[in-house]
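Student: prediction below, plus the sequence it came from.
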Amino acid sequence: MLPNLTAMAPEVPRVFWNEFRAMLDLDGFVKMMIPIYNKYFTHNEIRELIRFYESSIGKKLLEVTSGINQDSYTAGEQWGY
């Protein structure tokens, strides 16, 4: 998520993003997310998701998702008018 934020705000100094990253409680966030994923996926499904996101197409999906979301939002705005 941070690479997307830094790309959207190139005027923000890198030192800010470094300090922001240092303040994040990533372990706490992961602990909050585990029950949510457990609600929707089995252990084996999570393992399959990990394999997918480690594959080349999974990595590409992660790289292009923000662009797809931005383009989809723009298309939705145009469609709604």
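Tutor: Perfect, I can see it now.
Student: where along this structure do the helices fall?
Tutor: For the chain, the helices defined by DSSP state H cover 2-8, 14-23, 26-40, 43-54, 56-80.
Student: now tabulate these in JSON lines and tack on mean pLDDT.
Tutor: JSON lines is the format used below for the helices of the chain (pLDDT from 0 to 100):
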{"stretch": "helix 2-8", "mean pLDDT": "80"}
{"stretch": "helix 14-23", "mean pLDDT": "89"}
{"stretch": "helix 26-40", "mean pLDDT": "95"}
{"stretch": "helix 43-54", "mean pLDDT": "97"}
{"stretch": "helix 56-80", "mean pLDDT": "93"}
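Student: can you lay out the ones you listed as TSV showing mean neighbour count?
Tutor: Heads up, the C-betas are built off the backbone N, CA and C, glycines and all. Formatted as TSV, the helices of the chain follow (neighbours: other CB atoms under 10 Å):
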stretch	mean neighbour count
helix 2-8	11
helix 14-23	10
helix 26-40	9
helix 43-54	11
helix 56-80	10
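Student: how close does Leu5 sit to Phe16?
Tutor: Separation of Leu5 from Phe16 (CB to CB, to the nearest Å) stands at 10 Å.
Student: per-residue confidence at Thr42?
Tutor: If you check Thr42, the pLDDT there is 97.
Student: number of nearby residues for it?
Tutor: Using other CB atoms under 10 Å, Thr42 is surrounded by 9 other residues.
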